[in-house]
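Student: sequence and predicted structure, then a few things I'm wondering about:
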Amino acid sequence: MRYIKLTIAYDGTDFHGWQSQAGKPTIQGEIVGTLRRLTQENIAIHGAGRTDAGVHALGQVASFRTQTALSTGDLQRALNALLPPTIRIVAVEETGPDFNARWSASAKTYRYRLYRGKVVPPAIWRYVLHYPFPLDEDRMRDAAARLVGAHDFASFAASTGSEDDDKERSTVREIYSTELARSADNEELVFTVRGRSFLRYMVRKMVGTLLDVGRGRLVPEDIDRLYELKDRSKSGPTVPAQGLCMVSVEHPEAFRIR
């Protein structure tokens, strides 16, 4: 048995998220179907994160087991030949049996792009949220810094869809770093966040809350109050999916086969 790690980039616009869903196009579904064609095996893959409909990725990671004799290079070439052009396999690596794309992850980095210019260039409209209105960016940076650390992010998370699951899940997460910065051309305001793991819609709620700070509806000190309230109706809105991208997933080097 061989254990394979995939690094994947995709444009999520035309997909119903990462996770396979009956009768709907998904990233996982496309990759699983293609792998089964290539290997003639009942392949199951595990992703590092379940990105939602419309969310993009530069460095999503997935893992699976196989008995195929195809080399990692041949697997990459064959997958990219058969997958739609909106999904690309950036790398294929062999790992040990203990590697799992989700449970072995030590950190994930996400990025959200706000386009601040008057007119969005057609080439990027699928990947940014257009917000040309006034914002107090200094206050937003103050608020973003308050997101770092281990906190109860219940106010920044959507429901799982199950009342019982909501009661039992832990909403404590640790954020390692945040950055809110202008792009090189000064046309975009980009929020980058790195953490161990994230709740459903958590990054999009963070951005919505930062926007409310920038608009003056909240103040930076409200971030600390939101941790105590544990009430998602008190934080900012969940911003649209298209501005969000999973940039990278980190795994310990110990899982690599040299």
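Tutor: Looks like it arrived, so ask away.

Student: which ones are touching V239?
Tutor: Y112, L129, R204, V207, G208, L211 (CB atoms under 8 Å, 6 or more residues apart in numbering). For the C-beta atoms, the positions are set from N, CA and C on the backbone; glycine is no exception.

Student: now the strands for this protein?
Tutor: Residue ranges of the strands in the chain, as given by DSSP state E, are 2-10, 45-47, 56-66, 87-95, 107-115, 129-130, 149-152, 172-182, 188-195, 244-250.

Student: among these, which comes closest to P25?
Tutor: Nearest to P25, of all the strands of the chain, is strand 87-95, at 10.3 Å by CB to CB.

Student: give the buried residues for that closest one.
Tutor: By neighbour count on 16 or more other CB atoms under 10 Å, the buried set for strand 87-95 is I87, R88, I89, V92, E93, T95.

Student: how about these in CSV, adding pLDDT?
Tutor: Shown next, in CSV, are those (pLDDT from 0 to 100):
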residue, pLDDT
I87, 98
R88, 98
I89, 98
V92, 97
E93, 96
T95, 94
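
Student: okay if I get these as CSV plus distance to Y10?
Tutor: Shown next, in CSV, are the buried residues of strand 87-95 (distance: CB to CB, whole Å):
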residue, distance to Y10
I87, 5
R88, 7
I89, 10
V92, 15
E93, 18
T95, 21
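
Student: can you give me the buried ones in stretch 177-186?
Tutor: Across stretch 177-186, burial judged by 16+ other CB under 10 Å covers T178, L180.

Student: just the endpoints, please. Distance across it?
Tutor: 22 Å (CA to CA, to the nearest Å).

Student: gap between it and the chain center?
Tutor: Stretch 177-186 sits 18 Å away from the centroid of its parent chain (CA atoms, centre = their mean, to the nearest Å).

Student: could you do stretch 113-131 as well?
Tutor: 19 Å.

Student: report the buried residues of that stretch.
Tutor: With burial defined by 16+ other CB under 10 Å, the residues of stretch 113-131 counted as buried are R113, L114, Y115, R116, V120, Y127, V128, L129, H130, Y131.

Student: coming back round to it: what about the strands of the chain, which gets the closest to S20?
Tutor: Of all the strands of the chain, strand 45-47 comes closest under CB to CB, at 9.3 Å.

Student: quick one: which of the buried residues of strand 87-95 is nearest H56?
Tutor: In terms of CB to CB, no member of the buried residues of strand 87-95 lies closer to H56 than I87, at 10.8 Å.

Student: residues in a beta bridge with that closest one, which ones?
Tutor: Listed by DSSP bridges, the beta-bridge partners for I87 are Y10.

Student: you'd agree it is up against I8?
Tutor: Yes. Between I87 and I8 there is a contact under CB atoms under 8 Å: 6.8 Å.

Student: now for those two: what residues contact both?
Tutor: Common neighbours of I87 and I8 (CB under 8 Å, 6+ apart) are I27, I31.

Student: which stretches of the stretch 51-200 of the chain have low pLDDT?
Tutor: 160-168 (pLDDT under 70).

Student: ok so, going back, tell me which of the strands of the chain sits nearest to Q28.
Tutor: Smallest distance to Q28 across the strands of the chain (CB to CB): 6.2 Å, for strand 45-47.

Student: can you show me the helices along the chain?
Tutor: Per DSSP state H, the chain carries helices over the ranges 27-39, 72-82, 137-145, 163-168, 202-215, 222-229.
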